[in-house]
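>>> Sequence first, then the predicted structure:
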Amino acid sequence: MFRVSLRNDAVSGSAVENKASIVFDVNPPLETNLVQMTMDKSAPSSQVETLALVQAVNSFEVKWSGQDEEGGSGVASYDVWVSVDGGEWREWLKETEATSAVFEGEAGHTYAFYTIARDRLGNLEVPPEQADTRLRVGVEVQEVRAELPSGLLMLSIPVVPTQSDPQPLIGFTDNRWARWDPSAGTTGSYTLYPDPYTFFDTETIGKSYWVMLDNRKAVFVAGTPADQQSSVSIALKKGWNQMGNPFLTELVWDVGAIQVQVSRQRKALKEAYGIVESYAWRWDGSDYRLVYDASVLPGVDNKLSAWEGAWIYAHQDGTLILPAPSGRATWANRSRRQKPEGWLARLTVQVGHQTAEGIMGVTTGRRLRLSEPPPPFGGEKR
C-alpha cells in the first residue's frame, strides 16, 4: 500500500493516473488496469434568485442555482437557510437536489434566504455573510408620490418599494445615486449605484440615499409603508449613519420621545450619552443644518419632512426607535408648556458667492458637542 500527495500547484480538473506491475517469483509481470482520478480542490458556489420585495400571498416559490469550478465534480445538493424578521438562521431544506420549492410564509413578516452548495466529493460552500434575497409577505401595497427638486438631495423612501432597483423609480442618470457605508474602511465611505448596497430592500424604510437630479420631477413609488400608528426601529452601525424619516408625514425631533436600544437596554435619546449623539444633520440643498429638540434649543431645525434623510452618529452598534407621528400632539403640548433650556445662534459669513456658517449656543443640563458629518456625495459643501 502507498499514499500519494497532491502537488501545491495542482488545479481542479487535473487527472492523476496510476497502474501497477505485479511479479510473482519468476512468472511474467501482471499489469493492472489504469486507474484515473480527477482532482476537485474547491467548493462550489450557489445563490438564491432575487425575489420581489413584497409578496402578495403567503405561499411563494423560491428558486436557487449553483455551479462548480471548471473541472470540478459538479454540484450534488443544496442546504437552504431562512431567517424570519431578522432572527436567527434555521435550515429550511437539507441536502436537497431540487433547485426550487414553495415556501409558506405569514402575512406581515419578512424573510431572508441563502443557500449552501456541496459537490460530489463533499466540498461544502462557505456560508455567505449576508442573505441572497429578502422580502416581506402579505402586506398592503400603496403608491406614494413626491415632488423632488433639482440638485443634490438626501432622500428617504417612506415605503418598502415593490422593486429593488432605484433607477427606474427615481430617474437619476449614470451613477448619481449613493449611500454611505459606515462599515467600509476605518471611518466609512460612499458606495455608488449600481452596487447592490445602494438598492432598495426590506429595510429601506429608515434609510436615506444621496441623489443628484438635473430637473425637478414627480416621483411615484409603489410599496409598503410603515405602520403610521407604531414606532419604527432603525439599525445603526458604529460611525455616521444615513437615516431617514420613515413616515409619510414630518418627523419631529424630540430627544425625550426618540429612544436608543443596545442589547436589552433602552434609553431616551437625551440620555444616550456615549451610545448615540442626540442631534442630526439635514441637507437643505446647499449646506448642512443642525436638527435638534426646539424645546431645548429654540430656533433650531427640529423636523425632518417626509422623504427627507439626515446624518446621525452612533458610538456603537444599536437601534434608533422613532415614535409614531400620532405622538406629535404630546410633543406640541410639552413644548408649549416647557420653558426653553437654552439658546442658539447662527453666524453666517459671506465672501463673494461663498458662504460659511457657524453655530453657537447654550443649553442647561445636557452635553451637546457637535461633530461635522461626512461631506455630501460628490464633493465638499458649497
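Thanks, I have it.
>>> Which residue ranges of the chain form helices?
166-170, 328-337 (DSSP state H).
>>> tell me, which of those helices is the model least confident about?
The minimum mean pLDDT among these belongs to helix 328-337 (a mean of 46).
>>> What's opposite residue 54 in the beta bridge?
residue 136 (DSSP bridges).
>>> Looks like it contacts residue 160 (just checking).
Yes - Residue 54 is within contact range of residue 160, at 6.4 Å (criterion: Cβ atoms under 8 Å). In short, each C-beta sits where N, CA and C put it, glycine included.
>>> Between the two, which is the more surrounded one?
A direct count of neighbours by other Cβ atoms under 10 Å for residue 54 and residue 160 places residue 160 higher, at 25 against 21.
>>> Tell me the bridge partners for that one.
Note on residue 160: beta-bridge partners residue 224, judged by DSSP bridges.
>>> give the contact list for it.
53-54, 136, 200-202, 204-205, 223-224 (Cβ atoms under 8 Å, 6 or more residues apart in numbering).
>>> As a check, name the ranges of all strands in the stretch 151-300 of the chain.
Remark: strands assigned in the stretch 151-300 of the chain by DSSP state E, counting those that start in this stretch are 151-156, 159-161, 177-181, 189-192, 208-213, 217-225, 232-236, 239-244, 251-252, 259-262, 265-268, 280-283, 288-291.
>>> rewinding a little: quick check: which of the contacts of residue 160 has the minimum pLDDT.
residue 54 (84).
>>> residues in contact with it?
Residue 54 neighbours (Cβ under 8 Å, 6+ apart): 135-137, 139, 141, 160, 162, 223-224.
>>> my read: residue 30 touches residue 22, true?
Yes - with contact defined as Cβ under 8 Å, residue 30 counts as touching residue 22 (4.4 Å).
>>> how about JSON lines for the strands of the stretch 151-300 of the chain, with distance to residue 320 added?
Formatted as JSON lines, these follow (distance: least, Cβ to Cβ, whole Å):
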{"stretch": "strand 151-156", "distance to residue 320": "13"}
{"stretch": "strand 159-161", "distance to residue 320": "18"}
{"stretch": "strand 177-181", "distance to residue 320": "15"}
{"stretch": "strand 189-192", "distance to residue 320": "21"}
{"stretch": "strand 208-213", "distance to residue 320": "13"}
{"stretch": "strand 217-225", "distance to residue 320": "18"}
{"stretch": "strand 232-236", "distance to residue 320": "4"}
{"stretch": "strand 239-244", "distance to residue 320": "7"}
{"stretch": "strand 251-252", "distance to residue 320": "11"}
{"stretch": "strand 259-262", "distance to residue 320": "6"}
{"stretch": "strand 265-268", "distance to residue 320": "11"}
{"stretch": "strand 280-283", "distance to residue 320": "10"}
{"stretch": "strand 288-291", "distance to residue 320": "13"}
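>>> Out of those strands, flag the one nearest residue 126.
strand 177-181 (22.2 Å; Cβ to Cβ).
>>> Can you list the helices and strands that the closest one packs against?
helix 166-170, strand 189-192, strand 208-213, strand 239-244 (3 or more Cβ pairs under 8 Å, 6 or more residues apart in numbering; DSSP states H and E).
>>> can you put those in CSV and add distance to residue 312?
As requested, the helices and strands packed on strand 177-181 are exported to CSV (distance: least, Cβ to Cβ, whole Å):
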stretch, distance to residue 312
helix 166-170, 22
strand 189-192, 17
strand 208-213, 10
strand 239-244, 5
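>>> gap between the nearest residue to residue 165 once chain neighbours are set aside and residue 84?
Residue nearest to residue 165 in three dimensions, not counting chain neighbours: residue 199, with 6.2 Å by Cβ to Cβ, 6 or more residues apart in numbering. Using Cβ to Cβ, to the nearest Å, residue 199 is found at 22 Å from residue 84.
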